[in-house]
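Undergrad: let me see the structure of the following:
(chains A and B)
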Amino acid sequence: MEQELKIDDINDLIQRRIEELNELQKMKITPYQYSFDVNAFSSDIKNDFEKFEGKNVKIAGRIMALRRMGKASFAHIQDIKGRIQFYLKQDEIGEENYKIFKLSDIGDIVGVCGKVFKTKTGEISVHSDSYTLLAKSIRPIPIAKEVVDENGNKTIFDQFVDKELRYRQRYVDLIVNPEIKDIFIKRSKIITELRSFLNSKNYLEAETPVLQPIYGGAAARPFVTHHNTLDMTLYLRIADELYLKRLIVGGFDGVYEISKDFRNEGIDRTHNPEFTMLELYVAYRDYFWMMELVEEMINNICIKVFGTTEFEIEGKKINFKAPWQRISMTDEIQKITGLDVLKANENEIIKILKSKNVELTGKENKGKLIDLLFEATIQPNLIQPTFIIDYPLEISPLAKKHRKKEGLVERFEGFVMGREICNAFSELNDPIDQRSRFEEQKKLGDEGDEEAHQIDDDFVRALEYGMPPTAGLGLGIDRFVMLLTNQPSIRDVIFFPQMRNL
RNA sequence: GGGCGCGUAGCUCAGUGGUAGAGCAUCUGCCUUUUAAGCAGGGGGUCGAUGGUUCGAGCCCAUCCGCGCUCACCA
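TA: Reported below is the predicted structural model:
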């Protein structure tokens, strides 16, 4: 049975492979097999040659290099752990099987059985006595040839480097640049350790709605969608916060969620429209307590996943070891600029901002101006892990007023390498204050601030029933993974980053 | 959104006004321990798209599409 060609970007390379496929089928070979009993992996064999030498192994993987020399051949296959060479010759596997092998291409998935041996030139290989085509590849993969010199330095020729194609066709990227798998494995371990740390504290992993009639918990523009049967507008969540706090009202005293949030905003090195966020709320605790928890949690992840708290990130040595420095935002601004922003009027702050070439829209309130001043003067210098504490009230509509300092809230953000990695507060649990904060936000919204918070009456009602004092935390997983794995772009830590349609 | 840059064979790239190239990949032949295997020979292109300038455009100009870097925005 000949395969119909229904491939839009057919070329002669694909054409030829389909012809091979048909030839295999004429030979009654099934080019897409059902299973293969793998019992060994490339790097295990190479790392423990003494144990494997002379033993029969069954390995499987993708052919990544082929060297055919008439009636004998060498090839490399790539499995989950790396690459290994196999050798086969016609005398040993028979003409029929050798013909099947000759119809194989780089990219095919194959299974090989045979004895482990070392070639004349010293490469640990599998001397195959059977060869099975498991899945025929009809689309050629970009071939990158590798050379490892005697010092172990790897040179890669013609590496697949087009970033656009790598992101759009991540499956090819993973085949051809397998070292990136490690980043994603690290990402997975980080999330696993995060979850196991939080579970060890007996916090409940909760699932809250992605589709929300009122979005909230952050300042961001949402994605809008529509439910047909209910005939109502729904928003993809921009944060989990308000639902998780409802669970605290309901009597859970520790809840967390690791989930996707969606923000309809720009895309760049640090922003993907959907991203993974950890949010955690713990009853009867405040933001001081939460700072210690963050230190403990991050130290734990560093040790469990990387075995150290010391990292080299973009050439700088970073140590996550607790305790982190704690700096008051307004004190530090005063130290650096000489201005007491709490007492100063807006014009005094604007004057300094202008001298720093910060562009203003003219709509900023005092809290926003203070935040801008912080970003311009202090944030870039926060290289080692640092907590900035006590933020202006106007930019923190869900945080509790500071117990001592007028105009501020009990909020902290953690910074590393000048970048924010987490955000936390003593949560606002005064329903009357919360309603007036929402009303302030509504004013901003009415004035055109597209990111202003919506009024969530049901959330206020929940607070009216009474929410215990609570500490809350948000931690952006993608950016955290970027830091720990030293990746320059969020797209390098997300398997399938959002791309424009072609 | 602004600035800079990129888009040529499956991959990596050269080609700055005069017949579209190289290496790898691929095909044919030879080759039973090779390893960027080798030797000999061959095929493969809407040069991102559209329009313009020119006797002549991959190259110059304009517009558009896509991507990258960067700045702004995104607390």
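Undergrad: which bits of the stretch 301-450 of chain A sit near RNA strand B?
TA: The stretch 301-450 of chain A comes close to RNA strand B at residues A:358, A:359, A:371, A:375, A:395, A:396, A:397, A:398, as judged by C-beta under 7 Å from any atom of the strand. Bear in mind the C-beta positions are built from the backbone N, C-alpha and C, glycine included.
Undergrad: please, a ChimeraX command that selects the buried ones among those?
TA: With 16 or more other C-beta atoms under 10 Å as the criterion, this ChimeraX line picks the buried residues out of these:
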select /A:358,371,395,396,397,398
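Undergrad: just the residues of the stretch 301-450 of chain A next to RNA strand B now: which is nearest RNA strand B?
TA: Comparing these against RNA strand B with C-beta to the nearest atom of the strand places residue A:395 closest, at 3.5 Å.
Undergrad: narrow the residues of the stretch 301-450 of chain A next to RNA strand B to those in helices?
TA: Per DSSP state H, helices hold the following members of those: A:371, A:375.
Undergrad: so what's the residue count around the residue of chain A found nearest RNA strand B?
TA: The nearest approach of chain A to RNA strand B comes at residue A:70, 2.6 Å away (C-beta to the nearest atom of the strand). Applying other C-beta atoms under 10 Å, we find 7 residues neighbouring residue A:70.
Undergrad: enumerate every residue touching residue A:390.
TA: Applying C-beta atoms under 8 Å, 6 or more residues apart in numbering to residue A:390 gives the contacts A:328, A:329, A:330, A:402, A:405, A:408, A:409, A:410, A:411, A:412.
Undergrad: my error: substitute residue A:474 in the last question.
TA: Counted by C-beta under 8 Å, 6+ apart, residue A:474 has contacts A:239, A:241, A:277, A:278, A:279, A:422, A:423, A:424.
Undergrad: any chance of these in CSV with pLDDT as columns?
TA: Output for those, formatted as CSV (pLDDT from 0 to 100):
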residue, pLDDT
A:239, 94
A:241, 96
A:277, 94
A:278, 96
A:279, 97
A:422, 95
A:423, 95
A:424, 96
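Undergrad: most neighbours among these, which one?
TA: Result: residue A:424 is most packed of those (other C-beta under 10 Å), 28 neighbours.
Undergrad: give me the element that one is part of.
TA: Here residue A:424 sits within strand A:419-426, counting by DSSP states H and E.
Undergrad: in its sheet, which strands sit next to that strand, and in what direction?
TA: Strand pairing for strand A:419-426, determined by DSSP bridges: strand A:408-416 (antiparallel), strand A:470-476 (antiparallel).
Undergrad: among these, which comes closest to residue A:389?
TA: strand A:408-416 (4.4 Å; C-beta to C-beta).
Undergrad: hmm, who's touching that closest one?
TA: So strand A:408-416 is contacted by A:286-287, A:290-291, A:294, A:313, A:318, A:320, A:324, A:326, A:330, A:342, A:379, A:382-393, A:396, A:399-403, A:420-426, A:428, A:483 (C-beta under 8 Å, 6+ apart).
Undergrad: do that again at 7 Å, thanks
TA: A:286-287, A:291, A:294, A:318, A:379, A:382, A:385-393, A:396, A:399-403, A:420-426, A:483 (C-beta atoms under 7 Å, 6 or more residues apart in numbering).
Undergrad: quick one: contacts for the nearest residue to residue A:348 once chain neighbours are set aside?
TA: Closest residue in space to residue A:348, ignoring its immediate chain neighbours: residue A:339 at 6.1 Å, by C-beta to C-beta, 6 or more residues apart in numbering. Listed by C-beta under 7 Å, 6+ apart, the contact partners of residue A:339 are A:333, A:348, A:352.
Undergrad: quick one: secondary structure of residue A:303?
TA: helix (DSSP: H, G, I helix; E, B strand; the rest coil).
Undergrad: where do the helices sit along the stretch 1-150 of chain A?
TA: Under the criterion DSSP state H, counting those that start in this stretch, the stretch 1-150 of chain A contains helices at A:12-26, A:42-47, A:49-52, A:90-93, A:95-102.
Undergrad: which stretches of chain A have low pLDDT?
TA: Scanning chain A for pLDDT under 70 picks out the ranges A:1-10, A:149-152, A:502.
Undergrad: how many residues are close by residue A:65?
TA: Residue A:65 is flanked by 16 other residues according to other C-beta under 10 Å.
Undergrad: repeat for residue A:139
TA: Going by other C-beta under 10 Å, the residues that sit close to residue A:139 add up to 13.
Undergrad: next one: the closest residue to it other than its chain neighbours relative to residue A:75, how far apart?
TA: Leaving aside its chain neighbours, residue A:139 sits nearest to residue A:14 (5.9 Å; criterion: C-beta to C-beta, 6+ apart). From residue A:14 across to residue A:75, the span is 21 Å (C-beta to C-beta, to the nearest Å).
Undergrad: higher neighbour count, these two?
TA: Neighbours per residue (other C-beta under 10 Å) separate residue A:14 from residue A:75, with residue A:75 holding more: 24 against 16.
Undergrad: and that one, what does it touch?
TA: Applying C-beta under 7 Å, 6+ apart, we find residue A:75 in contact with A:63, A:65, A:66, A:67, A:86.
Undergrad: what subset of these is also close to RNA strand B?
TA: A:65, A:66, A:67.
Undergrad: wait, isn't the last one in contact with residue A:76?
TA: No: under the criterion of C-beta atoms under 7 Å, residue A:67 lies out of contact with residue A:76, with a separation of 8.9 Å.
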